[in-house]
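1. the amino acid sequence is not available; the structure is as follows:
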């Protein structure tokens with residue numbers, strides 16, 4: 001997949017500044033990720049449709065991945081910045097524990113999750129206290 005046409009379209013609209021790995025669109029860093037496996041396909045299929053309002057009453061319909069799919073993708077990718085992203089989601093308390101557990105099970109990421117928790121020195125937040 002090439003981002004050339006998307007980047008050209010956005011540049012023509014005045015959005016051509018990059019911040020880290022995201023293109024700033026109306027001040028929001030946006031990442032464009034290709035669908036490369038079943039996890040990506042599921043994340044995109046289940047993405048929430050939103051229509052944020054920008055300057056001059058512009059509405060841009062888009063889709064946003066769930067926090068649980070973002071965490072699963074970060075875990076699968078496994079770079080240091082991905083682990084930081086997982087920690088940020090955990091600290092914010094926005095993850096649905098049951099949903100994340102189901103996604104990790106479906107995509108065979110439970111061993112990677114256990115390793116992440118162990119290396120991070122975290123108790124596994126997906127295990128309810130009564131299960132521990």
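-> Received the coordinates, thanks. The model shown is predicted, which means the values in this text are computed figures rather than measured ones.
2. going forward, measure contacts and count neighbours with C-alpha atoms only.
-> OK.
3. by residue count, which helix of this protein is the longest?
-> helix 80-92 (DSSP state H).
4. for that one, which helices and strands make contact with it?
-> Secondary structure elements in contact with helix 80-92, counted by 3 or more Cα pairs under 8 Å, 6 or more residues apart in numbering; DSSP states H and E, are helix 67-77.
5. one more time with 10 Å
-> The contact analysis (3 or more Cα pairs under 10 Å, 6 or more residues apart in numbering; DSSP states H and E) places helix 80-92 against helix 67-77, helix 110-120.
6. let's have those helices in JSON lines, adding mean neighbour count, distance to residue 5 and mean pLDDT.
-> As requested, these are exported to JSON lines (neighbours: other Cα atoms under 10 Å; distance: least, Cα to Cα, whole Å; pLDDT from 0 to 100):
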{"stretch": "helix 67-77", "mean neighbour count": "20", "distance to residue 5": "25", "mean pLDDT": "97"}
{"stretch": "helix 110-120", "mean neighbour count": "14", "distance to residue 5": "36", "mean pLDDT": "94"}
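7. how about those helices in TSV, adding distance to residue 8?
-> Below are those laid out as TSV (distance: least, Cα to Cα, whole Å):
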stretch	distance to residue 8
helix 67-77	27
helix 110-120	38
